[in-house]
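1. heads up, no residue letters with this:
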């Protein structure tokens, strides 16, 4: 088994633990991580980024949330620490590890990315919201606990924020899809 397969197996085990002990039984893999993983690979190929770094960054980007360490606001900081511990267990080369840690730390917006790999993971994290729209409805309902019009407004704002956080490179190629999604989901 290669390092990516090992880390995927470990992350899936943490997700299974999360589902079993959390109140919401949220399935991080099927609701979010697999979408980020797939989108990050597509972007890595498109932008000629290092696929191994991108795959590992995608698998580990929300590890702090999965492990329930800290809160959502600081999960990129805690995630970097946890990802370093995990990668160190496998004696992953320090130079490559630092690149993966950059992906984890900077995944919350492509505006923070300093490498192609960081951009791929950050953009993939955003694109995953568009790939699994029911997950956003679930988030909207759980956060707002309000009526459909308020949820529609929440989703419109979430989509706009996500779209505006994409890198200019990805934003341009995603524009038509974004407009279609907005028209279908929120009636714009």
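-> Okay, I see it. These figures come from a predicted structure and were not determined experimentally.
2. Can you list the helices and strands that the helix or strand encompassing residue 179 packs against?
-> Element membership of residue 179, judged by DSSP states H and E, is helix 168-185. In terms of contact count using 3 or more CB pairs under 8 Å, 6 or more residues apart in numbering; DSSP states H and E, helix 168-185 is assigned the packing partners helix 116-131, helix 148-165. C-beta coordinates here come from the backbone N, C-alpha and C atoms, glycine included.
3. Any chance of a markdown table for these, columns mean pLDDT?
-> Compiled in a markdown table, the helices and strands packed on helix 168-185 are given as follows (pLDDT from 0 to 100):
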| stretch | mean pLDDT |
| --- | --- |
| helix 116-131 | 94 |
| helix 148-165 | 84 |
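4. Need the winner for burial among these.
-> Most buried of the helices and strands packed on helix 168-185, by mean neighbour count (mean count of other CB atoms under 10 Å): helix 116-131, with a mean of 25.
5. Distance-wise, check the nearest residue in space to residue 69 that is not next to it in sequence relative to residue 109.
-> Leaving aside its chain neighbours, residue 69 sits nearest to residue 78 (4.9 Å; criterion: CB to CB, 6 or more residues apart in numbering). In this structure, residue 78 and residue 109 are 17 Å apart, going by CB to CB, to the nearest Å.
6. How about the contacts made by the spatially most central residue of the chain?
-> Within the chain, one residue has its C-alpha closest to the average C-alpha position: by CA atoms, centre = their mean, that is residue 125, at 3.1 Å. Contact partners of residue 125, counting by CB atoms under 8 Å, 6 or more residues apart in numbering, are 36, 58, 61, 107-108.
7. Please repeat the previous calculation with a cut-off of 10 Å.
-> Going by CB atoms under 10 Å, 6 or more residues apart in numbering, residue 125 touches 32-33, 35-36, 39-40, 57-58, 61-62, 103, 107-110, 162, 165.
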